[in-house]
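Q: kindly generate the corresponding structure for this input.
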Amino acid sequence: MRAAWKSIFITAILAALASGAATWASATWVMRERQPPSLHSVVHEKLDLSPEQDRRLDVVEARFAAQRPALEAEVRAANRELAAAIAASDGDTPQVQAAVDHFHAAMGDLQKATITHVFEMRSVLTPAQAEVFDAAVVEALHDDAG
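A: Sure, this is the predicted structure:
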């Protein structure tokens, strides 16, 4: 009888593991299928860019790629500062508020730079390409808003 319970237990564990793996795989597939194409893929795969546009966009993208890590690092630093201020406080102190302000400023700087980058990319496009690009930007912002 003891071997039968052991067999049932092992079967139940294997079934639970298989079920979990199948659920994870299905959720991953569904999320990937529901995501709209990235702005990068819209620009480089759907807009039929000229070689000159490709060259100009490479410059725009390289400039933002060089700028973005520092902006993101500042957001992370502000987030760490906020965490430390909260951990060291008994409530909503001036230090917490200063850290919140720093975090908001860092996020704002990143968002402003991103918007500037988007409009700089747009300036390289023809009016017809810009229409498709604008629609992708608006869709991405709507999707991000929930």
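
Q: starting at the chain centroid, how far to the strand or helix carrying residue 120?
A: If you go by DSSP states H and E, residue 120 is part of helix 94-122. Relative to the centre of its chain, helix 94-122 is centred 15 Å away, using C-alpha atoms, centre = their mean, to the nearest Å.

Q: output the contacting helices and strands for the strand or helix carrying residue 141.
A: For residue 141, the host element (DSSP H and E) is helix 127-145. Judged by 3 or more C-beta pairs under 8 Å, 6 or more residues apart in numbering; DSSP states H and E, the packing partners of helix 127-145 are helix 39-41, helix 94-122. To be clear about C-beta, it is placed using only N, CA and C from the backbone, and glycine gets the same treatment.

Q: got the domain ranges for this protein?
A: The chain resolves into domains spanning 1-35, 38-145 when parsed by automatic domain parsing.

Q: and among those domains, the most buried is which?
A: Compared across the domains of the chain, domain 38-145 shows the largest average neighbour count, a mean of 14 (mean count of other C-beta atoms under 10 Å).
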